[in-house]
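Peer 1: kindly generate the corresponding structure for this input.
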Amino acid sequence: MIKVLAGSLVLAASVGSLQANAFYHGSDNKNTMTGVETDYGTKYLGIPYAEPPVGELRWKAPQQLDFPDNFEATTAGSSCPQTPSVFGIPSVSEDCLYLNVYKPKSAGSFWGKIKKPVMVWIHGGAFTYGEGHTYDPEKLVEEGVVVVTVNYRLGALGFMAHPALTAEGQGSSGNYGLMDQQAALQWVQDNIERFGGDPDRVTIFGESAGGLSVHSQIASPKAAGLFNGAIIQSGAYALAQPTLQQWEYLGAGLAAAMGCPDQSLSCLRSLSVEQILANQDPGPVGWLPVVDGDVLPQTVQAALQKGEFNKVPVIEGTTRDEYSLFTALSFDLVGNPVTADNYYTAIAQAGIPVDAVPAVASFYPLSAYGSPGEAVTALGTDFLFACNSLSSIKLLSQHVPTYGYEFDDPNAPQTTLPPVSFSYGAYHSSEIQYLLGTNGQPQGIYLNDEQKQLSDAMVRYWTSFAKYRTPNLSGAPIWIRYGNNYELMKSLKPTGPETINNFAQTHQCDLWSAVLGY
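Peer 2: Sure, this is the predicted structure:
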């Protein structure tokens, strides 16, 4: 399975000299908040939405915060603890539960009396890396929506379950990061009107682990009423989450490795962040939400199959060459490119059961691809992302309006990793730069004219959905809703978005159903 999913490394946004005020509505009072004026409106950075989860609050649900008077929201808050990587800003500070609000110029003006729809971005990074403030939603805000980006606890601090924590938590543990997201969404419900936003029109959206977070919030009864629409970008790679028992077993092993062989809570809460980060590797599966019986009573897959989820309209999709990023990270970039000799090993490393590897290799023969790396990319994309996403789209569409897509720009700029022996194509996370500023750069800075046109169409689709619960009031080509009698999806191409009906065939989803029981 996946161990590293892409996010972005971005330096903290610089703060300009212009400032603007808004009011923050806390539990009992109204406070003045100072933000930073931008060309597109005002941004409010580093707003704490819960008490710092430190000391006795480590591995506990987020606690309500009494907001201070006259808050200066001009500097981004710390990233949650994570090691150095190209996918996030390293940090050892547990005081990291911050969010950022970006509002358009019209919000707060006379015309701003009409409350704006809200989009809440949940960042990706394998539940191990990333932060909210490294994404700049300028183009979305220019379309008249308020955007919120959030931090949430990561790695062991965000997702470790343990028997002692379960006992303390009245039968559940883990999912602290999901609880943080819910606390941020509750903050939006309580306070977003002060920024010109409409708490009755909240869309959550995210990519990779952020997309799986959106899936998890759809499946979580505790998130009911906190949002009214959802956009899932490359988030269906792990629809069946581990059980609490499995995650407690993992947590007990990690506790010993971290320096707590007695497995006591007092020891766990006395560990330094550095000790935790150095020993938190959960193995090949990576960090995931857990079926804890509380935040997640059942897997996302089960919730969708039973129709037991928060029923809101959904956009869901993937990129055409998702797995190229992981092929590069696992092989070329560690000096061991995929070859005919290690092809079977590469297939198994994608998470394919060993006894199924020969069959899979026969359906993805090296002779059909320009290089072994492209072959691994194709099968990894289909197995982990495309067919899982299609399964989710089919299940969702039986209950709620659902719009499926595939991002398909074979020349999407790769600005994070060096060149490898094959083309990255439309790699995992490549679509983010068409919607948001990333890598410390404004949105679209690396795009050519055709790609900018695609970016404009995607921004309109996403914001139309946030405003009207359909992408079809955007001025972009009509996007037909997915249905069992018309299994149509939108292919997002630089030459122009087009409707396709061959997604399942292109990604050999019938094969994966037969071989692995999808």
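
Peer 1: what residue is smack in the middle of this structure?
Peer 2: G210 (1.2 Å; CA atoms, centre = their mean).

Peer 1: now that residue: how far from A340?
Peer 2: In this structure, G210 and A340 are separated by 36 Å, where distance is defined by CB to CB, to the nearest Å. Any C-beta I mention is one placed from the backbone N, CA and C, and that applies to glycine too.

Peer 1: R269: how many residues sit nearby?
Peer 2: Applying other CB atoms under 10 Å, we find 15 other residues in the vicinity of R269.

Peer 1: what's the longest helix in the protein?
Peer 2: helix 449-468 (DSSP state H).

Peer 1: OK, contacts around the nearest residue to P84 once chain neighbours are set aside?
Peer 2: The shortest distance from P84 to any non-neighbouring residue, by CB to CB, 6 or more residues apart in numbering, is to P90 (4.3 Å). The neighbourhood of P90, defined by CB atoms under 8 Å, 6 or more residues apart in numbering, consists of 79, 82-84.

Peer 1: of those, grab the buried ones for ChimeraX.
Peer 2: In ChimeraX, this line selects whichever of these come out buried by 16 or more other CB atoms under 10 Å:
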select :79,82,83
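
Peer 1: and of the contacts of P90, the nearest to T470?
Peer 2: S79 (35.2 Å; CB to CB).

Peer 1: got the contact list for the closest one?
Peer 2: Contacts of S79 (CB under 8 Å, 6+ apart): 88-91, 93, 96, 130-131, 151.

Peer 1: looking at the contacts of P90, which are in helices?
Peer 2: Residues of the contacts of P90 located in helices (DSSP H): none.

Peer 1: the residue nearest to the centre of the chain reaches A126, doesn't it?
Peer 2: No. In this structure G210 lies outside contact range of A126 using CB atoms under 8 Å: 10.4 Å.

Peer 1: what segments of the stretch 251-400 of the chain are strands?
Peer 2: For the stretch 251-400 of the chain, the strands defined by DSSP state E, counting those that start in this stretch cover 314-319.

Peer 1: name the helices or strands packed onto the helix or strand where V36 lies?
Peer 2: Counting by DSSP states H and E, the element that carries V36 is strand 30-37. Other helices and strands packing on strand 30-37, by 3 or more CB pairs under 8 Å, 6 or more residues apart in numbering; DSSP states H and E, are strand 19-25, strand 41-48, strand 71-72.

Peer 1: do that again at 6 Å, thanks
Peer 2: On a contact count with 3 or more CB pairs under 6 Å, 6 or more residues apart in numbering; DSSP states H and E, strand 30-37 meets strand 19-25, strand 41-48.

Peer 1: looking at these, which has the lowest confidence?
Peer 2: Averaged per stretch, pLDDT over these is lowest on strand 19-25, reaching a mean of 43.

Peer 1: ok, back up a step: who are the neighbours of the longest helix of the chain, in terms of helices and strands?
Peer 2: Contacts defined by 3+ CB pairs under 6 Å, 6+ apart place helix 449-468 against strand 116-122.

Peer 1: 8 Å instead, please
Peer 2: Contact here means 3+ CB pairs under 8 Å, 6+ apart; on that basis helix 449-468 packs against strand 116-122, helix 138-142, strand 197-207, strand 229-233, strand 314-319, strand 489-492.

Peer 1: contacts only, for K116.
Peer 2: With contact set as CB under 8 Å, 6+ apart, K116 has these partners: 103-104, 106-107, 144-146, 196-198.

Peer 1: again, only using 6 Å
Peer 2: By CB atoms under 6 Å, 6 or more residues apart in numbering, the contact list for K116 reads 107, 144-146, 196-197.

Peer 1: who's the closest spatial neighbour of it, skipping the chain neighbours?
Peer 2: Closest residue to K116 in three dimensions, ignoring its sequence neighbours and counting by CB to CB, 6+ apart: V146, at 4.8 Å.

Peer 1: return the set of residues that bridge with the one you found.
Peer 2: According to DSSP bridges, the partner residues bridging V146 are V118.

Peer 1: gap between the two ends of stretch 259-271?
Peer 2: One end of stretch 259-271 to the other measures 8 Å (CA to CA, to the nearest Å).

Peer 1: pull out the buried positions in it.
Peer 2: Within stretch 259-271, the residues that count as buried by 16+ other CB under 10 Å are 259-260, 265, 268, 271.

Peer 1: how about stretch 472-484?
Peer 2: Burial within stretch 472-484, assessed by neighbour count using 16+ other CB under 10 Å, is assigned to 472, 474, 476, 479, 482.

Peer 1: now do it: everything it contacts.
Peer 2: Contact partners of stretch 472-484, identified using CB under 6 Å, 6+ apart, comprise 393, 397, 401-404, 457, 460-461, 464, 471, 488, 490, 497, 499.

Peer 1: if you set the cut-off to 7 Å instead, what comes out?
Peer 2: Defining contact as CB atoms under 7 Å, 6 or more residues apart in numbering, one finds that stretch 472-484 is touched by 393, 397, 401-404, 457, 460-461, 464, 471, 486, 488-490, 496-497, 499.

Peer 1: follow-up on the earlier one: now the longest helix of the chain: buried residues?
Peer 2: For helix 449-468, burial by neighbour count (16+ other CB under 10 Å) applies to 451, 453-467.

Peer 1: was I right about W187 contacting Y49?
Peer 2: Yes. In this structure, W187 sits in contact with Y49. The criterion is CB atoms under 7 Å, and the distance is 4.2 Å.

Peer 1: between those two, which contacts overlap?
Peer 2: Shared contacts of W187 and Y49, defined by CB under 7 Å, 6+ apart, are found at L99.

Peer 1: please report how far A224 lies from G197.
Peer 2: Counting by CB to CB - A224 and G197 are separated by 20 Å.

Peer 1: neighbour count for the two, which is higher?
Peer 2: Using other CB under 10 Å, the more surrounded residue of A224 and G197 is G197, with 25 against 12.

Peer 1: number of nearby residues for the spatially closest residue to the more buried one that is not a sequence neighbour?
Peer 2: Counting by CB to CB, 6+ apart, V146 is the residue found nearest to G197 once chain neighbours are left out, at 3.9 Å. The local packing of V146 (other CB under 10 Å) involves 29 other residues.
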